[in-house]
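Visitor: coordinates only, sequence not included:
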């Protein structure tokens, strides 16, 4: 069965969670990792019987925790969840092999990480331009 490593995948997508992110986001990452470990154990013990069910076991709770932590780019997180679910469904139906699903998931995560970096760069540029345009708020005079 496909054993998608959600904590690792989310760690890559969150870009720095647990390293430079705010304390509440670090705690959110720990909580999400615990949720997906619980779901993985359910799969291993037969309480959930498919890769799709394993992901669905934790996605709603994980999304709620991440949103409450103040994490930006929740749209990218949602896209990540949706793509992992599609991969799990395809593996469950034997439409693709587990290795192919892992490859597709890695490609998607790479694209999402690139998109997130681009959004962060755009935000930084916007902040600099706003600062320069408003000298009374610390911009250039």
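Guide: Nice, I can see it. Nothing here was measured: the structure is a model prediction, and the numbers come from that model. Numbering: from 1, shown residues only.

Visitor: can you give me the strands in this structure?
Guide: Counting by DSSP state E, one finds no strands in the chain.

Visitor: hey, where'd the helices end up in it?
Guide: Applying DSSP state H to the chain gives helices spanning 6-14, 23-44, 51-68, 74-92, 98-133.

Visitor: what angle separates the last one from helix 51-68?
Guide: Calculated by axes from the mean of the first three to the mean of the last three Cα atoms, to 10 degrees, helix 98-133 forms an angle of 10 degrees with helix 51-68.

Visitor: where does this structure have its least confident helix or strand?
Guide: The helix or strand of the chain with the poorest confidence is helix 6-14; it has a mean of 50 (mean pLDDT, DSSP states H and E).

Visitor: now the helices of the chain as JSON lines including mean neighbour count?
Guide: Every C-beta, even on glycine, is put in place using the N, C-alpha and C of the backbone. As requested, these are exported to JSON lines (neighbours: other Cβ atoms under 10 Å):
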{"stretch": "helix 6-14", "mean neighbour count": "20"}
{"stretch": "helix 23-44", "mean neighbour count": "17"}
{"stretch": "helix 51-68", "mean neighbour count": "19"}
{"stretch": "helix 74-92", "mean neighbour count": "18"}
{"stretch": "helix 98-133", "mean neighbour count": "13"}
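
Visitor: Start and end of stretch 39-48, how far apart?
Guide: One end of stretch 39-48 sits 8 Å from the other (Cα to Cα, to the nearest Å).
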